[in-house]
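Engineer: Structure for the following, please:
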Amino acid sequence: MRATLQFTSSDDISRDSITLTWEPPYNDGGSPITNYIVEKCPTTADRWIRAGHTSDSSFTIINVFGKTKYQFRVMAENQFGLSPPSDPTEPITTKEDKEIIAGEAPFYKVKELSSKYIISEELARCQFGIVHRCVEIATKKTFMAKFIKVKGMDRELVLREVEALNIARHQNIIYLHEYFESMEEIILIYEFISGVDIFERLGTGNFELTEQEIVRYLRQVCTALKFLHSQNFGHLDIRPDNIVYTTRRSTELKIIEMGQARLLVPGENIRIPFSAPEYCAPEVHRHDLISTATDMWSVGVMAYVLLSGLNPFAAESTTQMIENISSCEYVFDSEAFKDTSLPVWGGQLQGPPHSKSSPRGRGYHETNVQAPSG
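Structural biologist: Numbering: from 1, shown residues only. As a prediction, the model looks like this:
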């Protein structure tokens, strides 16, 4: 009984994770395989370390270092015990962080677009525009072009998003390459992303939402928010459909919408429009002062939803749900978490938000996302 390890493609490698797939043993020894043990070994070391276990013939290894060579092997397990290790993979090198180019995205007149880009097929329609794939003529690189019709205040909203994107030069926030502007239209040129949000990915049938994946997901969101908050910007619209994977198989993700993001001025009372009230903090619903802790509330709700599949503030009506949020009245369904080892961020669903002694005030600084044990 011996598994044959087969590495799939470059989409499965990021800076801090690698996804492996393998063929099950041809002979299972007369008993079905119940588990696989995956081990890793840096090529600079001579000791194999357990990386995790799974019942599937695919596994994503996290907690690896960037630009480091590793080898991997797998052992199959059934009621009779463990198989010998598979042959190790060829050395696999994790990626470096992509260089994030600082500075503002250049802008041009819309009439210059056709001389710089070939516009291709439509990729998506959203509330404020249409997204097309495009190819930069000079470099032959693929990007995404978002066409937005603007008038009056709409222009100010889009330009405010451009301002936020120029600040948010981070590997987990979508990169604005450049933009084009006219009186009637603004066209934003983004890096190309082919992935989907986490719930759409769940519907593909080849993606399992494990605690390990939730840890990786929340850690990347918090890393992006920590950077954004260090620039005194709040995102103010953190929810799953604003966060997508870079490809359909990648473990890396990007925050893709920055339309609500803005500079946080102490004492300024901002009225935030919202389309997903279940993820908004009490101060948003009460039109109270907002802060970086406002984003951490949304992260707490996402953690609860991803772990349990339930809305912690569920009610018979949206009005009642908003009342539950405003008064911090959430339901902890212990049955939904009985098989969960990951600590739930209940502390993120508490007020007041502005004290650093409160769990929500601490946010990503002291409330760490821990990987499940075992």
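Engineer: what about the stretch 51-200 of the chain, any weak spots by pLDDT?
Structural biologist: 63, 96-102, 152-153 (pLDDT under 70).
Engineer: try 80
Structural biologist: Filtered on pLDDT under 80, the stretch 51-200 of the chain yields the residue ranges 60, 62-67, 95-103, 127-128, 151-154.
Engineer: which residues in it form strands?
Structural biologist: Applying DSSP state E, counting those that start in this stretch to the stretch 51-200 of the chain gives strands spanning 58-62, 69-78, 81-82, 92-93, 107-109, 117-126, 129-136, 142-149, 176-181, 185-191.
Engineer: out of these, nearest to residue 167?
Structural biologist: strand 176-181 (10.4 Å; CB to CB). C-beta: built from backbone N, CA, C; applies to glycine.
Engineer: In its sheet, which strands sit next to the closest one, and in what direction?
Structural biologist: Here strand 176-181 is paired, per DSSP bridges, with strand 107-109 (parallel), strand 185-191 (antiparallel).
Engineer: okay if I get those strands as TSV plus mean neighbour count and distance to residue 20?
Structural biologist: Formatted as TSV, those follow (neighbours: other CB atoms under 10 Å; distance: least, CB to CB, whole Å):
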stretch	mean neighbour count	distance to residue 20
strand 107-109	13	43
strand 185-191	21	27
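Engineer: can these go into a markdown table with extra columns for distance to residue 325?
Structural biologist: Compiled in a markdown table, those are given as follows (distance: least, CB to CB, whole Å):
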| stretch | distance to residue 325 |
| --- | --- |
| strand 107-109 | 39 |
| strand 185-191 | 32 |
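Engineer: looking at these, which is closest to residue 32?
Structural biologist: strand 185-191 (44.2 Å).
Engineer: CA atoms of the closest one as PDB?
Structural biologist: Backbone C-alpha positions of strand 185-191 (Å, rounded to 0.1, in the frame of the first residue of the first chain) are rendered in PDB as follows:
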ATOM      1  CA  GLU A 185     -16.900  58.000 -17.900                       C
ATOM      2  CA  ILE A 186     -14.100  56.700 -15.700                       C
ATOM      3  CA  ILE A 187     -12.300  53.500 -16.700                       C
ATOM      4  CA  LEU A 188     -10.200  51.700 -14.000                       C
ATOM      5  CA  ILE A 189      -7.500  49.300 -15.100                       C
ATOM      6  CA  TYR A 190      -6.900  46.600 -12.500                       C
ATOM      7  CA  GLU A 191      -4.600  43.600 -12.300                       C
END
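Engineer: ok, and what's touching that strand?
Structural biologist: 105, 110, 113, 117, 134, 143-150, 155, 158-159, 162, 165, 174-181 (CB atoms under 8 Å, 6 or more residues apart in numbering).
Engineer: Mind checking which of the residues you listed are buried?
Structural biologist: When the contacts of strand 185-191 are checked for burial by 16 or more other CB atoms under 10 Å, the buried set is 105, 110, 113, 117, 134, 143-148, 150, 155, 158, 162, 165, 174-181.
Engineer: And the residue nearest in space to the middle of the chain, how far from residue 182?
Structural biologist: The structure's the chain has its C-alpha centroid closest to residue 253; by CA atoms, centre = their mean the separation is 3.9 Å. Separation of residue 253 from residue 182 (CB to CB, to the nearest Å): 33 Å.
Engineer: Also residue 22?
Structural biologist: 54 Å.
Engineer: which of those two has more neighbours?
Structural biologist: residue 22 (23 against 12; other CB atoms under 10 Å).
Engineer: host element of that one?
Structural biologist: Under the criterion of DSSP states H and E, residue 22 resides in strand 17-23.
Engineer: average pLDDT across the helix or strand immediately after that strand in the chain?
Structural biologist: Using DSSP H and E, the helix or strand that follows strand 17-23 towards the C-terminus is strand 35-42. On average, the pLDDT along strand 35-42 is 92.
Engineer: Check which residues of strand 35-42 are buried.
Structural biologist: So, applying 16+ other CB under 10 Å, buried residues of strand 35-42: 36, 37, 38, 39, 40, 41.
Engineer: give the contact list for the closest residue to residue 104 other than its chain neighbours.
Structural biologist: Distances taken as CB to CB, 6 or more residues apart in numbering place residue 166 nearest to residue 104, at 4.4 Å, with adjacent residues excluded. By CB under 8 Å, 6+ apart, the residues touching residue 166 are 103, 104, 105, 176.
Engineer: Out of those residues, which is nearest to residue 319?
Structural biologist: Nearest member of the contacts of residue 166 to residue 319, counting by CB to CB, is residue 176, at 37.1 Å.
Engineer: Kindly confirm my reading that residue 216 is in a helix.
Structural biologist: Yes - under DSSP: H, G, I helix; E, B strand; the rest coil, residue 216 sits within a helix.
Engineer: Any idea what the residue nearest to residue 43 when sequence neighbours are not counted is bridged to?
Structural biologist: Leaving aside its chain neighbours, residue 43 sits nearest to residue 69 (4.2 Å; criterion: CB to CB, 6+ apart). Beta-bridge pairing for residue 69 (DSSP bridges): residue 93.
Engineer: do residue 22 as well
Structural biologist: Going by DSSP bridges, residue 22 forms beta bridges with residue 5.
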